[in-house]
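J.: predicted coordinates and the sequence they were generated for:
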Amino acid sequence: MDFRPHFKTHQSAAIGQWFIAQGIKKCCVSSVGMASYFASNHWKDITIAIPVNILEIAEINTLAKNIQLSLTVDSLETCVFLSSHLQFSVDLYIEIDTSYSRSGVAYHHTQQINEILELINQSPLMHFIGFLSHSGNTYDVDQAEEIAKIFELSKERMLTLKNKYSTQYPQLIISMGDTPSASFAQNFEGVDEWRPGNFVFYDLMQLQKGVCQNQEIALKLSCPVIGIYPERGEFVIYGGAVHLSKESIEYKNQKVFGLLVTHNNRELDHGFPVHRLSQEHGIITAAKSFLKTLKIGDLVEIVPVHSCLTADLHSHYLCEDGVVLEKWKEC
């Protein structure tokens, strides 16, 4: 099984170099801009794993001229547009919706798949390479058994398509990938390509599902303390929705946007949640004994609910050894 990590999580050429050092030569991204960024940083085999945005055809043609570019389609209209506007060769995945209901052709709509394939085959610049799916609904459940069941169902539906079309397209592959399934699935037989992304950092959501342990979470948001309110049992950080995103989970019967990392042992303190956000403010409940140790200007670390969204909101990473890692930031 080939490994094509999804770089939408870290979006950093410097972190991408860590993968190159391990022999990884292909990656996956979630936008044309991100693909251009990594193409300019030594990546020559890139999949854009989101249905083609036809308004970016000029940028797509520039990429296709310079790298091995794979695009994702799920509609006849997009294929018609590409057939008349592509200037260079591209590989095409047909995205399949196995049960997530986000994007993709429904797995049982083989007539639509056939029509898309017919259009692809008519173009000398479009080359069908396989079926792509994302079991994002594994994020909606918390038990390992439920995650594994979702993966198995998705894999079964993808393999059914592979078997149906492999005689006509003997080289076709199926491409799947999500971090929870990577941890709990037992059998990847038949899957040709795997595309997880969140595993590079993990986060509070993955911790809650049992996908990772505290010490495996690699991303934290460093926030200044800007207000302390002992009478409320709260303090306020400069770290709001524009820094953490408004992604939340239900934790101990309340909505949580992040959890505080304690100063002493760097472990998560499960009693100190970010329980309320505005644009710039994050409000954290804390024990009065802890509030007495704080002062204005202190930096505290928050583990985000969803590392992909939090990372996307910032321009760089500060490593614990003081090294700054730059990343792509869409203008």
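T.: Everything's here; your move. Keep in mind the model is a prediction, meaning the values are calculated, not measured.
J.: when you work out contacts or count neighbours from here on, use the C-alpha atoms and nothing else.
T.: Will do.
J.: Leu55 and Cys212: what is the separation?
T.: 39 Å (Cα to Cα, to the nearest Å).
J.: who's more crowded, these two?
T.: Cys212 (19 against 8; other Cα atoms under 10 Å).
J.: thought His10 was touching Cys308, still the case?
T.: Yes - using Cα atoms under 8 Å, Cys308 makes contact with His10 at a distance of 7.0 Å.
J.: quick one: secondary structure of Leu55?
T.: helix (DSSP: H, G, I helix; E, B strand; the rest coil).
J.: so for it, what's the pLDDT?
T.: Per-residue pLDDT puts Leu55 at 98.
J.: same check on Ser101?
T.: For Ser101, the predicted pLDDT is 89.
J.: and what of Thr262?
T.: Thr262 carries a pLDDT value of 70.
J.: number of residues surrounding it?
T.: 16.
J.: repeat that for His275.
T.: 18.
J.: could you look up the SS state of it?
T.: Put simply, His275 is strand when judged by three-state DSSP.
J.: from here on, count from 81
T.: Got it, first residue is 81 now, which makes that one His355.
J.: which of the residues in stretch 188-208 are buried?
T.: Residues of stretch 188-208 classed as buried: 192-193, 196-197, 199-200, 203, 205-208 (neighbour count, 16 or more other Cα atoms under 10 Å).
J.: any idea how far Lys105 is from Phe118?
T.: Lys105 is 12 Å from Phe118, by Cα to Cα.
J.: more neighbours: the two, which one.
T.: Using other Cα under 10 Å, the more surrounded residue of Lys105 and Phe118 is Phe118, with 22 against 17.
J.: in a helix, the more buried one, correct?
T.: Yes - the assignment for Phe118 by three-state DSSP puts it in a helix.
J.: just to check, it is in contact with Ala93?
T.: Yes - the criterion here is Cα under 8 Å, and Phe118 meets it with Ala93 at 6.5 Å.
J.: overlap of the contact sets of the two?
T.: Common contact partners of Phe118 and Ala93 (Cα atoms under 8 Å, 6 or more residues apart in numbering): none.
J.: tell me where this protein has helices.
T.: 93-101, 112-119, 137-146, 156-165, 190-201, 224-245, 259-264, 284-289, 321-324, 368-371, 387-392 (DSSP state H).
J.: for Ser328, see how far away the residue of the chain most remote from its centre is.
T.: Ranking residues of the chain by C-alpha distance from their mean position (Cα atoms, centre = their mean) puts Glu311 at the top, at 40.0 Å. Distance of Glu311 to Ser328, computed by Cα to Cα: 26 Å.
J.: in the stretch 281-411 of the chain, where is pLDDT below threshold?
T.: Within the stretch 281-411 of the chain, the stretches with pLDDT under 70 are 343-351, 411.
J.: could you pull out the strands for it?
T.: Secondary structure of the stretch 281-411 of the chain by DSSP state E, counting those that start in this stretch: the strands cover 301-309, 314-318, 329-331, 334-336, 338-341, 348-357, 361-365, 379-384, 396-398, 404-406.
J.: so what strands line up beside the second one?
T.: Here strand 314-318 is paired, per DSSP bridges, with strand 301-309 (antiparallel), strand 361-365 (antiparallel).
J.: buried deepest among those, which one?
T.: By mean neighbour count, with neighbours taken as mean count of other Cα atoms under 10 Å, strand 361-365 ranks first of those at a mean of 22.
J.: just give me the neighbour total for Asn267.
T.: The number of residues packed near Asn267 is 11, by other Cα under 10 Å.
J.: ugh, typo on my part, it should be Val341
T.: 21.
J.: report the separation between it and Cys303.
T.: Distance from Val341 to Cys303, by Cα to Cα: 11 Å.
J.: need the residues touching each of these two.
T.: Common contacts of Val341 and Cys303 (Cα under 8 Å, 6+ apart): 380-382.
J.: adding neighbour count and distance to Gln223, write those out as JSON lines.
T.: Output for those, formatted as JSON lines (neighbours: other Cα atoms under 10 Å; distance: Cα to Cα, whole Å):
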{"residue": "Val380", "neighbour count": "17", "distance to Gln223": "31"}
{"residue": "Glu381", "neighbour count": "19", "distance to Gln223": "28"}
{"residue": "Ile382", "neighbour count": "25", "distance to Gln223": "25"}
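J.: of all these, which comes closest to Thr152?
T.: Of all those, Thr152 sits closest to Ile382, with 35.2 Å by Cα to Cα.
J.: touching, the closest one and Val341? I think so.
T.: Yes - Ile382 lies in contact with Val341 (Cα under 8 Å); the separation is 5.9 Å.
J.: from Phe83, how far out is Gln102?
T.: Distance from Gln102 to Phe83, counting by Cα to Cα: 11 Å.
J.: of these two, which one has the most company?
T.: Set Gln102 next to Phe83 and count neighbours by other Cα under 10 Å: Phe83 wins out with 17 against 8.
J.: OK, contacts around the more buried one?
T.: Contacts of Phe83 by Cα under 8 Å, 6+ apart are 104, 106, 273-275.
J.: against Met256, how distant is it?
T.: Distance, Phe83 to Met256, using Cα to Cα: 10 Å.
J.: overlap of the contact sets of the two?
T.: When contacts are counted by Cα under 8 Å, 6+ apart, Phe83 and Met256 are jointly contacted by 273-275.
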